[in-house]
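# next one to model:
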Amino acid sequence: MTAPGTAPDNDIPAGDDGTPRSSRRVRHWLAGAGVTALAAVLGITLAVRGGATPACAAPPTGNAVHKGTASFYDAGRSGGNCSFPGPPADRLYVALGASQYSGSAACGSYLEVSGPKGKVRVMVMDQCGGCGPSKIDLSTEAFTRIADRSQGIAPVTYRAVVNPPLDGGLTFRMKGGASKYWFAVQVGNHGNPLRSVEAKGPGGGFRKAARQSDNHWTIEGGIGPGPYSIRVTDVYGRQATATGIRMVTKQVQRSTATLAQASPTPSGSPSAPPSPTTAPAPTPTESVAPTATVEALAGAAAPLDRPRC
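Alright, predicted model coming up:
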């Protein structure tokens, strides 16, 4: 059985020079008790989550515009640190620095990036070990949409895409090693960053899952053999519940539940629940679409629980 917090099942994406991205990642080690004591004196809380997430971290959300620089890389067939089965079909993706990757909290969300040549919408798929708070790493295909490749690094602005239009509903993929004794699921095709995931088996109540840095949500001790109901809430308060999710590892299970929509709902007036869409026909590696219910809890102008740094 795969233990929680282990490396993703998929390959590690390669860097610009062909070497694995892991070899380019910068690891900062705490210098023992002296640093901890100093932090205590300064009133700083040291949060260590997988050794990579800053104490104050959050993915881009809302209408905030970020100014910085962009470089580019090629992840190959890998789904990056977000552990996706692979890159998006259009290969328009981005890797964020540790503070905005936020321990996988940004995975599956979208950014609109503007550069010297134009704009591009990209999906967050990876963590960039060498990127600071204002640096992002675009796929080669995305970079060439906003700048000349010969530049290498280009000035950009970027912002979150709130409620991006998506093809189909939420997807669920059980991690390899998951079982009735250890629940571990990846939620995909959600568009907005996720705030929480809860799950329950037949006859039980919902239990909150813990987010892992590899973009899986786990419940220690498991919740039985399934099928499961999984309730997903995004950072803007929109909530959807899918039922009939099975304990079948490494297979994508599609649902008709959706958190994102084509245009944001103004704050102050709750949005109407979106009508469930018809699920695409399953491929040989995908299960039949589970049933789903959707509840719109809030508008999309201001994310909930935004860290105050």
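
# any stretches of the stretch 51-200 of the chain with poor pLDDT?
Along the stretch 51-200 of the chain, segments meeting pLDDT under 70 span 51-56.

# helices of that one, residue ranges please.
Counting by DSSP state H, counting those that start in this stretch, the stretch 51-200 of the chain has helices at residues 98-101, 140-146.

# which of the ones you listed sits closest to residue 156?
helix 140-146 (6.6 Å; C-beta to C-beta). Just so you know, the C-beta spots here come from the backbone N, C-alpha and C atoms, and that holds for glycine as well.

# residues near residue 203, how many?
Residues near residue 203, counting by other C-beta atoms under 10 Å, number 6.

# ok so, going back, which one of the helices of the stretch 51-200 of the chain lies closest to residue 77?
Among the helices of the stretch 51-200 of the chain, helix 140-146 sits nearest to residue 77 (C-beta to C-beta), with 14.1 Å.

# so what does the closest one touch, helix or strand wise?
For helix 140-146, the packing partners by 3 or more C-beta pairs under 8 Å, 6 or more residues apart in numbering; DSSP states H and E come out as strand 65-73, strand 110-114, strand 119-127, strand 154-160.

# if you set the cut-off to 6 Å instead, what comes out?
Contacts defined by 3 or more C-beta pairs under 6 Å, 6 or more residues apart in numbering; DSSP states H and E place helix 140-146 against strand 119-127.

# okay, now the sheet partners of the strand it packs on, with direction.
Applying DSSP bridges, strand 119-127 is found paired with strand 93-96 (parallel), strand 110-114 (antiparallel).

# residue 203: which element?
Residue 203 is part of no helix or strand, with elements assigned from DSSP states H and E.

# look up phi and psi at it.
Main-chain dihedrals, residue 203, degrees, to the nearest 10: phi 80, psi 0.

# residue ranges of each domain in this protein, please.
Domain segmentation of the chain under the TED database yields 65-160, 170-261.

# now for these, which one comes closest to residue 58?
Minimum separation from residue 58 across the domains of the chain (C-beta to C-beta) falls at domain 65-160, 5.4 Å.

# ends of that closest one, what's the gap?
Terminal residues of domain 65-160 lie 8 Å apart, using C-alpha to C-alpha, to the nearest Å.

# residues in contact with residue 84?
Neighbour list for residue 84: empty [criterion: C-beta atoms under 6 Å, 6 or more residues apart in numbering].

# residues touching residue 68, list them.
Contacts of residue 68 (C-beta under 6 Å, 6+ apart): 134, 135.

# thinking again about what came up before, can you put the domains of the chain in TSV and add distance to residue 59?
Converted to TSV, those look like this (distance: least, C-beta to C-beta, whole Å):
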stretch	distance to residue 59
domain 65-160	3
domain 170-261	5
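
# go through those domains and name the closest to residue 57.
Taking the domains of the chain one by one with C-beta to C-beta, domain 65-160 is closest: 4.1 Å.

# right, and residue 97 touches residue 131 too?
Yes - Residue 97 sits in contact with residue 131 when judged by C-beta atoms under 6 Å, with a separation of 3.6 Å.

# what's in contact with stretch 142-155?
Contacts for stretch 142-155 (C-beta under 6 Å, 6+ apart): 69, 70, 71, 72, 92, 113, 115, 116, 117, 118, 120, 122.

# go again with 10 Å.
Here stretch 142-155 makes contact (C-beta atoms under 10 Å, 6 or more residues apart in numbering) with 16, 67-73, 90-94, 111, 113-123, 135-140, 156, 158.

# report the buried members of those residues.
68, 70-73, 91-94, 111, 113-115, 120-123, 135-139, 156, 158 (16 or more other C-beta atoms under 10 Å).

# dump the residue contacts of residue 202.
By C-beta under 10 Å, 6+ apart, residue 202 lies in contact with 223, 224, 225, 226, 227, 228, 229.

# and these as TSV, adding secondary structure, neighbour count and pLDDT?
Output for the contacts of residue 202, formatted as TSV (DSSP: H, G, I helix; E, B strand; the rest coil; neighbours: other C-beta atoms under 10 Å; pLDDT from 0 to 100):
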residue	secondary structure	neighbour count	pLDDT
223	coil	22	96
224	coil	16	95
225	coil	13	95
226	coil	18	95
227	coil	15	96
228	strand	23	97
229	strand	22	97
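
# any idea which of those is closest to residue 61?
residue 229 (26.8 Å).

# might one say that that closest one is in contact with residue 199?
Yes - using C-beta atoms under 10 Å, residue 229 is in contact with residue 199, at 6.9 Å.

# what do those two both touch?
The contact sets of residue 229 and residue 199 overlap at 206, 223, 241, 242, 245 (C-beta under 10 Å, 6+ apart).

# count residues in the vicinity of the last one, would you?
Using other C-beta under 10 Å, residue 245 is surrounded by 23 other residues.
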